[in-house]
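Visitor: One predicted model, sequence on top.
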Amino acid sequence: DSGSCDMSASSVSAAVTVSVGVSAAHEPTVSTASCNADIGKLDITFHGGASWLYNLFSGLIADEVKKSLNSQLCSIIKNEIDVEGNKVLSTLPTQEKIDKYSMINFELLNAPALPGDYIATRHKGEFFSISNPQESPFTPAPLPLPAAGQLSRMLYVWMSAYLLESAGWVYEQVGVLNYTVT
């Protein structure tokens, strides 16, 4: 016997809570904190061959298929977020070459925060020498986050003097900012 079937699902719902974090390599991470997924209704209609017989039991068959799918939905969602999502996030660059002397490091310093109706991320923001990458001798001052009600724009970028200090230090170390006055 041979044939085909049409399958349709309706009243499908999924509620997933995702936690965002940062890895030891200062890359963003995601993980599934909770998952609840359900296929409310599944209909199967068989065609060809002895489809008239199979269609008599299509409700029972659909219930078993739905039960099997419902038991697998959250593990599939969890794998996509926890494994595949983190694979993609691990490919995001954390540094960028500026010129033949320097690069800027903008890796995450800690997990992204969700203090209100926005997401706040803190990045390193430090220049490094390409030929001799090392930390600058300066210590950055912390930047305070504004109160949630004070934000009205889609994107804000804060930079401290540390960014310019590390750039100046790198260019001085590689000799670009060394001038001898006689």
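Guide: Okay, I see it. As the structure is a computational prediction, the values presented were derived from the model and not from experiment.
Visitor: Run through the helices of the chain in chain order.
Guide: Remark: helices assigned in the chain by DSSP state H are 51-56, 58-79, 86-89, 161-173.
Visitor: So which of those helices is the most surrounded?
Guide: Mean neighbours per residue, mean count of other C-beta atoms under 10 Å, is largest over the helices of the chain for helix 161-173, with a mean of 17. For every residue, glycine as well, the C-beta is placed using N, CA and C.
Visitor: List the neighbours of it that are in contact with it.
Guide: By C-beta atoms under 8 Å, 6 or more residues apart in numbering, the list of residues contacting helix 161-173 from outside reads 101-102, 125-129, 132, 136-141, 177-178.
Visitor: Report the backbone C-alpha coordinates of it in PDB.
Guide: Output of helix 161-173 as PDB, limited to C-alpha atoms (Å, rounded to 0.1, in the frame of the first residue of the first chain):
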ATOM      1  CA  ALA A 161      38.500  59.100  28.900                       C
ATOM      2  CA  TYR A 162      39.900  55.600  29.300                       C
ATOM      3  CA  LEU A 163      39.300  54.800  25.600                       C
ATOM      4  CA  LEU A 164      41.400  57.800  24.500                       C
ATOM      5  CA  GLU A 165      44.000  57.200  27.200                       C
ATOM      6  CA  SER A 166      44.500  53.700  26.000                       C
ATOM      7  CA  ALA A 167      44.700  54.800  22.400                       C
ATOM      8  CA  GLY A 168      47.300  57.500  23.300                       C
ATOM      9  CA  TRP A 169      49.300  54.900  25.300                       C
ATOM     10  CA  VAL A 170      49.300  52.400  22.400                       C
ATOM     11  CA  TYR A 171      50.400  55.000  19.800                       C
ATOM     12  CA  GLU A 172      53.100  56.300  22.100                       C
ATOM     13  CA  GLN A 173      54.400  52.700  22.700                       C
END
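Visitor: Is it possible to get a markdown table of the helices of the chain that adds distance to E96 and mean pLDDT?
Guide: What follows is the helices of the chain, written out as a markdown table (distance: least, C-beta to C-beta, whole Å; pLDDT from 0 to 100):
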| stretch | distance to E96 | mean pLDDT |
| --- | --- | --- |
| helix 51-56 | 59 | 94 |
| helix 58-79 | 31 | 95 |
| helix 86-89 | 17 | 95 |
| helix 161-173 | 13 | 93 |
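Visitor: of the ones you listed, which approaches A25 most closely?
Guide: Smallest distance to A25 across the helices of the chain (C-beta to C-beta): 10.7 Å, for helix 86-89.
Visitor: How about exporting that closest one as PDB, limited to the C-alpha atoms?
Guide: Presented in PDB, the C-alpha positions along helix 86-89 are these (Å, rounded to 0.1, in the frame of the first residue of the first chain):
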ATOM      1  CA  ASN A  86      25.600  30.100  21.500                       C
ATOM      2  CA  LYS A  87      27.500  28.900  18.400                       C
ATOM      3  CA  VAL A  88      26.300  32.000  16.500                       C
ATOM      4  CA  LEU A  89      27.100  34.300  19.500                       C
END
